[in-house]
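Asks: Provided below for reference: sequence and predicted model.
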Protein chains: 2
Amino acid sequence: MARMPTPIPTTFASSVASGHGLLLVRGRRSTRAARALSLGTPGGRSGTAIHSSRQPAAAELVEQSVNTIRFLAVDAVEKANSGHPGLPMGCAPLGHVLFDEFLRFNPRNPGWFDRDRFVLSAGHGCMLQYALLHLAGYPGVTMDDLKAFRQWGSRTPGHPENFETPGVEVTTGPLGQGFANAVGLALAEKHLAARFNKPDLCIVDHYTYVVLGDGCQMEGVVNEASSLAGHWGLGKLIAFYDDNHISIDGSTDIAFSENVLARYEALGWHTVWVKNGNSGYDDIRAAIKEAKEVKDKPSLIKVTTTIGYGSPNKASTHSVHGSALGPKEVEATRNNLLWLHEPFHVPDEVKRHWGHHIDEGASLEAEWNAKFSEYEKKYHQEAAELNSIISGELHAGWDKALPTYTPESPADATRNISQQCLNALAKVIPGFLGGSADLASSNMTLLKMFGDFQKDTPQERNIRFGVREHAMGAICNAIALHSPGLIPYCSTFFVFTDYMRAPIRLSALCGSGVIYVMTHDSIGLGEDGPTHQPVEQLFSLRAMPNILVLRPADGNETSAAYRTAVVNRQRPSILAFSRQKLPQLAGTSVEGVAKGGYIISDNSSGNKPDLILIGTGSELEIAAKAADDLRKEGKTVRVVSLVCWELFEEQSEEYKDSVLPSEVTSRISIEAGVTLGWEKYIGQKGKAIGIDRFGSSAPAGKIYKELGLTVEHIIATAKSI
Amino acid sequence: MARMPTPIPTTFASSVASGHGLLLVRGRRSTRAARALSLGTPGGRSGTAIHSSRQPAAAELVEQSVNTIRFLAVDAVEKANSGHPGLPMGCAPLGHVLFDEFLRFNPRNPGWFDRDRFVLSAGHGCMLQYALLHLAGYPGVTMDDLKAFRQWGSRTPGHPENFETPGVEVTTGPLGQGFANAVGLALAEKHLAARFNKPDLCIVDHYTYVVLGDGCQMEGVVNEASSLAGHWGLGKLIAFYDDNHISIDGSTDIAFSENVLARYEALGWHTVWVKNGNSGYDDIRAAIKEAKEVKDKPSLIKVTTTIGYGSPNKASTHSVHGSALGPKEVEATRNNLLWLHEPFHVPDEVKRHWGHHIDEGASLEAEWNAKFSEYEKKYHQEAAELNSIISGELHAGWDKALPTYTPESPADATRNISQQCLNALAKVIPGFLGGSADLASSNMTLLKMFGDFQKDTPQERNIRFGVREHAMGAICNAIALHSPGLIPYCSTFFVFTDYMRAPIRLSALCGSGVIYVMTHDSIGLGEDGPTHQPVEQLFSLRAMPNILVLRPADGNETSAAYRTAVVNRQRPSILAFSRQKLPQLAGTSVEGVAKGGYIISDNSSGNKPDLILIGTGSELEIAAKAADDLRKEGKTVRVVSLVCWELFEEQSEEYKDSVLPSEVTSRISIEAGVTLGWEKYIGQKGKAIGIDRFGSSAPAGKIYKELGLTVEHIIATAKSI
């Protein structure tokens, strides 16, 4: 290392606090004193007072650390020639203070249950997070990882992904998602704390911190989630709004002139403004301390920063948002911030200083483990439940709680059967909780033995999301990721998956096993008309990777769908339920549903029926009736329930061919949705009966008839092929 | 008519203003005086002072009219045994005052250009709107229509649909959409007024009114659109927030405790609170007048009402929100409100009173027509442009402005070619305008000859939506529906169609020809990773009815895609563009794109190639290269561009078979997206090359290679079949 590290003097820092792009250096000082100071401090800290902030490092060491973070970001983006240097350069001071002085974590066990959660909702600035995780000693983020930023197979992808990088809690990047995730993490903490903490043993006790930018602030989902966080009084949620006044199209003045703090006050939040986020370290510290003290409201700390801080020609411009600075500007920035090092340099004293987090993290966790041992001794029952939530292990035989049906059981809407299943599961799964977007009485999602999760009753398990589908999905993603044994469900009309497609996609991508309870799943909802009648949603969700779409036909298939959804903790399940009554069919089974597609009836022998009718959900009944009629005419007909395409595709070729033998090309599918995609199973000689148009406002039976989803239509089609 | 109409006495009205459910009648008065009064007033009004409010009718006639509205809603819902009586019963006073005293419209020409626009964002309360349209004399809403509420083929569907009911401006029901539509309508007015009004001739001058409820308020899209409306200073937008404190799950207290008015003030709105929306007619009038006077800010009028007003046992409860009252409660309500009439009764004096809107509407339009004639004489150029916007007629030869390319033209990203097209179209189409959700410089959507549409420069055509995809889509829907010649485009990364799927669906349903400019259409965007890489979006949108999904491969296909999008005014177009450079291919053509799928090259004769390669967008180049290599080995290979499946499906069977002859079963598709759905064109013997997983963060070329979207993979696959 040829050159000595040189900290940025405070006079410089304050000179740019006003947000101007052109920066001049006004002085420099030796770092030796700073190093001496920093070396003297780490031993003085311990994990004993784990909820107060730690002693800050000496001012010059802080500056060194902050510049280390800035240049790790600059250098990684430069090496990749791709990425977003602006945010990390502006938010490095906040990042340093938060991670070094406040955040409670154990780098050697990123999954330690009672850690504070940190979410970078402005996920494009992920080099900030990677640099902090690296300095803090997370083994999953090595210097080699930083150097492989945005490369194939690296642990440092272009946006934070929990499934790639240990220490990253959730997957962010699509703006606003991370913020709503943070609300979900804070909800989970508040719920578990209320359920499990005892006067003598506080076993669930952590904060959730989130950084969001102007882009997140503009997204509707952030307002939805903020309104809920205020309503729920999530006092341990602390959001940092990186107010840098720049978004991709330039100054935020062109599209964003509202008073953000006043809006948050209206939403029931505590607010603080750190006017100098570039160098006002004490202000940042004071703001966090203040926010932690406010227990009954979430806090928004507006931190005014300079995007691309330190870049003489690009700071405070949108050109520093999402592109590498370029070699010349990197050089100019090094000179400007007096950071005359090779790329990816971490000064020894910075390394040493951050090193203390490894011991501290270990002792934080050890302390908690000791406390939990005591808890287990004193509170068997609660400890068993909490252990199930922490580990994700379910009680043996949990699925026996699910109801079963016979063909003699009364006809019922699958949404009603769904409610029986939800209530059965909530009794045997300690981490089962959820709710609806203001449709609980239509979706049939209330857990009857529990009250509402509310500000003053957070131990309860019915979550009232209001008409906020998008935030609901994102909150549930985070609940599932908070602890392996938390199993959230959420609910609205099936057509309104369109309002929450972004979080559903993230469930699938990030491996969050949310259960989506989607009722009113077709034109069968009737009079509300085409705005409320899904026709393309089944297929549009089947197109998504890593998701299960289940459309059960009756009671047993509904029970089985829930069983599948609970078992699949690494991918979400969409459960599509009917509004209308459906009979209990002969031949449906739990084992069949587990295979995605199976034969419910067949009067042929030798696996060669004249015709195969394939149905899903409410149309399986129509297929079964048509088969009965055709059999009376002497035909051999097989009826197949294709309740979950994804599971069926996972079966062996042999099994699939046993259900849909290739030699039987006379096939008819019937499903109250678009027919695109059915070619896969009916082949080029088959016919798909469905709805290749929008629905209509009328009584359900009338629409079924008018659109040809009838026994008669199947029979006529069968005769035509 | 056996019984006399009896108005509700004001003493009663005020007794329920406090919002209690149990109502007692305290007195009654004869209606004769009221009738006499009402008959004396209509002649006194004229259309001369068209912007001031009209004289209100006498108090008792107003009450009669309001109860007429209430009971038309109650009776229609009861007859259908389906619907939402609560909102119309609560908002009838507001509805009466607005339609009868303020709204400028011509019932005999619902499409009159300069009419005020009214949107019921809380669309479930549509019987309010149908009753008002009926009373106001819209021929499209007869008494028979009201009686056919929610029935097959009726003009009174379960939620307001502009394509079913003349007088309904937009399609609402999915909560929040209508509100954001109203912002779009007000934007259109402000833009056109700034462009076309002259000091001596104010030719564009109307208000936009919208009613939204608690449900809409919770939706994120409403906050997005409200933030924009405040930013743009849409002074002629007046929103009524029906504050009835009830949503489907019960009291709004369970999920919605924010301070709405304070939030709107933070968003830059003017706010007013009408505390007694049940009978405070003068307060409603004063609030509207006040709102109309505030020219530089949109206004939110919070109107506190009682849902289901008048129902003794159900008012102020969620049971009156979305179900028929039931015969007993209807009877009780009739007694309570002293409305002792047969169902669907409209008292003669109410009929007579509302009758004056027919003459007044005719004279409003006649007056405007006269003014416009003068305008046409004085301002030829502007009048020609405005006429094009009003009529939707484009200048002959407009499409000649679109650029053309040869195989020798330089390679370029289709997003760049898209920008050339946008700029070419904006020169020749007066109503062409649009923008991006804070990605203008990435989506390449800026119109270079225009500035930004902003509060003080509303004549400009670049709309800066900020990071608000959902509101962007809904606003564009309304711009398109405001006038046939307004052609809005909007833009974001293709993956973020997930954020705006609800308004895209409404574009398709309501026939709004929005042009969706969706760039970064595949893993070809590279390092931003799977959160930003669409893989399932093409299919999820192809599944939607009444929409065109076009994925052009090069310059000529891009030009042709725009031509298609402009021509299709009754359905939206999704244009998917590449981030990466693509060569200009031999064989692509405008005529081919118009057919959705076509042959770009073939070295066989007699329509029987050994192999057909089918590609779209950026993968068509790969298919063409693979074909070249295979031909060198002596194979006969056809390459088909399937740029738009929907258009291809609309072609004759003969044409389709000429492109994809059924006897050629060796087919390979290549598209950088999921393969589900390709069975339709490759058949059961074909192979689909695609991406049945999420993408990855890495340089684009690397991802293409790792995921097998390569010439080599095509060739290997070709050899395997």
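Replies: That came in fine, so what should we check first? Numbering: from 1, shown residues only, chains lettered A, B, ... in the order given.

Asks: which parts of the stretch 1-150 of chain A sit against chain B?
Replies: Contact residues (Cβ under 8 Å from any Cβ of the partner chain) of the stretch 1-150 of chain A with chain B: A:80, A:82-83, A:123-124, A:150. Quick note: C-beta positions are derived from backbone N, CA and C, even for glycine.

Asks: just name the closest of the residues you listed to residue A:204, please.
Replies: Distances from these to residue A:204 were compared by Cβ to Cβ; the smallest belongs to residue A:123, at 26.9 Å.

Asks: could you confirm whether stretch A:673-688 reaches chain B?
Replies: Yes. Stretch A:673-688 comes into contact with chain B (Cβ under 8 Å from any Cβ), by way of A:674, A:676-677, A:679-680, A:683-684.

Asks: got a quick ChimeraX command for the buried subset of those residues?
Replies: One line in ChimeraX is enough to select the buried members of these, burial here meaning 16 or more other Cβ atoms under 10 Å in any protein chain shown:
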select /A:674,676,677,679,680,683
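
Asks: near chain B, which residues of the stretch 501-650 of chain A? Just list them.
Replies: Residues of the stretch 501-650 of chain A lying close to chain B by Cβ under 8 Å from any Cβ are A:501-502, A:505-506, A:508-509, A:526-532, A:535-536, A:539-546.

Asks: with the stretch 301-450 of chain A instead?
Replies: Taking Cβ under 8 Å from any Cβ as the criterion, the stretch 301-450 of chain A approaches chain B at residues A:318, A:436, A:438-442.

Asks: which non-adjacent residue is nearest the residue of the stretch 101-250 of chain A found nearest chain B?
Replies: In the stretch 101-250 of chain A, the residue found nearest to chain B is residue A:220; the distance is 2.2 Å by Cβ to the nearest Cβ. On the basis of Cβ to Cβ, 6 or more residues apart in numbering or on different chains, the spatially nearest residue to residue A:220 that is not a chain neighbour turns out to be residue B:220, at 2.2 Å.

Asks: picking that back up, which members of the residues of the stretch 1-150 of chain A next to chain B are the farthest-apart pair?
Replies: Comparing every pair within the residues of the stretch 1-150 of chain A next to chain B by Cβ to Cβ identifies A:80 and A:123 as the most remote, at 15.7 Å.

Asks: where do the helices sit along the stretch 551-700 of chain A?
Replies: Remark: helices of the stretch 551-700 of chain A, listed N- to C-terminal, are A:555-567, A:590-594, A:618-632, A:645-649, A:653-659, A:679-682, A:700-706; assignment by DSSP state H, counting those that start in this stretch.

Asks: rewinding a little: switch the residues of the stretch 301-450 of chain A next to chain B over to JSON lines; also include secondary structure.
Replies: As requested, those are arranged in JSON lines below (DSSP: H, G, I helix; E, B strand; the rest coil):
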{"residue": "A:318", "secondary structure": "helix"}
{"residue": "A:436", "secondary structure": "strand"}
{"residue": "A:438", "secondary structure": "coil"}
{"residue": "A:439", "secondary structure": "coil"}
{"residue": "A:440", "secondary structure": "helix"}
{"residue": "A:441", "secondary structure": "helix"}
{"residue": "A:442", "secondary structure": "helix"}
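
Asks: between residue A:80 and residue A:123, which is the more surrounded one?
Replies: Regarding residue A:80 and residue A:123, a neighbour count based on other Cβ atoms under 10 Å in any protein chain shown identifies residue A:123 as having more, with 32 against 22.

Asks: quick one: that one and residue A:135, what's the gap?
Replies: Distance, residue A:123 to residue A:135, using Cβ to Cβ, to the nearest Å: 19 Å.

Asks: what does residue A:657 give?
Replies: In terms of Cβ to Cβ, residue A:657 sits 56 Å off from residue A:135.

Asks: which of these two has more residues huddled nearby?
Replies: Between residue A:657 and residue A:135, counted using other Cβ under 10 Å, residue A:135 has the larger neighbour count: 25 against 13.

Asks: assign the more buried one to helix, strand or coil.
Replies: Judged by three-state DSSP, the three-state class of residue A:135 is helix.

Asks: spatially nearest residue to it, not counting backbone neighbours?
Replies: For residue A:135, the spatially nearest residue (Cβ to Cβ, 6+ apart) is residue A:354, at 4.3 Å.

Asks: and if you look at residue A:536?
Replies: residue B:543 (4.0 Å).

Asks: residues touching that neighbour, list them.
Replies: Residues counted as contacts of residue B:543 (Cβ atoms under 8 Å, 6 or more residues apart in numbering or on different chains) are A:536, A:539-540, A:543, A:674, A:676-677, B:677.

Asks: need the per-residue pLDDT for it.
Replies: For residue B:543, the pLDDT comes out at 98.

Asks: on that earlier part again, count of neighbours near the residue nearest to residue A:220?
Replies: Neighbours around residue B:220, by other Cβ under 10 Å: 29.

Asks: wait, it touches residue A:467, no?
Replies: No. No contact is recorded between residue B:220 and residue A:467 when judged using Cβ atoms under 8 Å, the distance being 9.8 Å.

Asks: pLDDT weak spots in the stretch 151-300 of chain A?
Replies: Of all residues in the stretch 151-300 of chain A, none has pLDDT under 70.

Asks: just so I have it, where are all the strands in it?
Replies: In chain order, the stretch 151-300 of chain A shows strands spanning A:208-213, A:237-243, A:246-247, A:250-251, A:270-274, A:299-304, with DSSP state E, counting those that start in this stretch as the criterion.

Asks: indicate each strand paired with the third one and its parallel or antiparallel sense.
Replies: It stands for strand A:246-247. According to DSSP bridges, strand A:246-247 forms sheet pairs with strand A:250-251 (antiparallel).

Asks: contacting residues around the strand it pairs with?
Replies: Residues from elsewhere that reach strand A:250-251 (Cβ under 8 Å, 6+ apart): A:245, A:318.

Asks: how far is it from where the chain is centred?
Replies: For strand A:250-251, the distance between its averaged C-alpha position and the chain's averaged C-alpha position is 29 Å (Cα atoms, centre = their mean, to the nearest Å).

Asks: would stretch A:284-298 count as contacting chain B?
Replies: No. Contact between stretch A:284-298 and chain B is absent, the nearest approach being 11.7 Å (criterion: Cβ under 8 Å from any Cβ).

Asks: restricting to C-alpha, output that stretch in PDB.
Replies: As requested, the backbone C-alpha atoms of stretch A:284-298 are provided in PDB (Å, rounded to 0.1, in the frame of the first residue of the first chain):
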ATOM      1  CA  ILE A 284     -27.900  11.500  12.900                       C
ATOM      2  CA  ARG A 285     -27.100   9.900  16.300                       C
ATOM      3  CA  ALA A 286     -29.500  12.200  18.100                       C
ATOM      4  CA  ALA A 287     -32.200  11.500  15.600                       C
ATOM      5  CA  ILE A 288     -31.900   7.700  16.000                       C
ATOM      6  CA  LYS A 289     -31.800   8.000  19.800                       C
ATOM      7  CA  GLU A 290     -34.900  10.200  19.700                       C
ATOM      8  CA  ALA A 291     -36.700   7.800  17.300                       C
ATOM      9  CA  LYS A 292     -35.900   4.800  19.600                       C
ATOM     10  CA  GLU A 293     -37.400   6.600  22.500                       C
ATOM     11  CA  VAL A 294     -40.700   7.100  20.800                       C
ATOM     12  CA  LYS A 295     -42.400   3.800  21.500                       C
ATOM     13  CA  ASP A 296     -46.000   4.300  20.300                       C
ATOM     14  CA  LYS A 297     -45.300   5.600  16.800                       C
ATOM     15  CA  PRO A 298     -43.000   4.600  13.900                       C
END
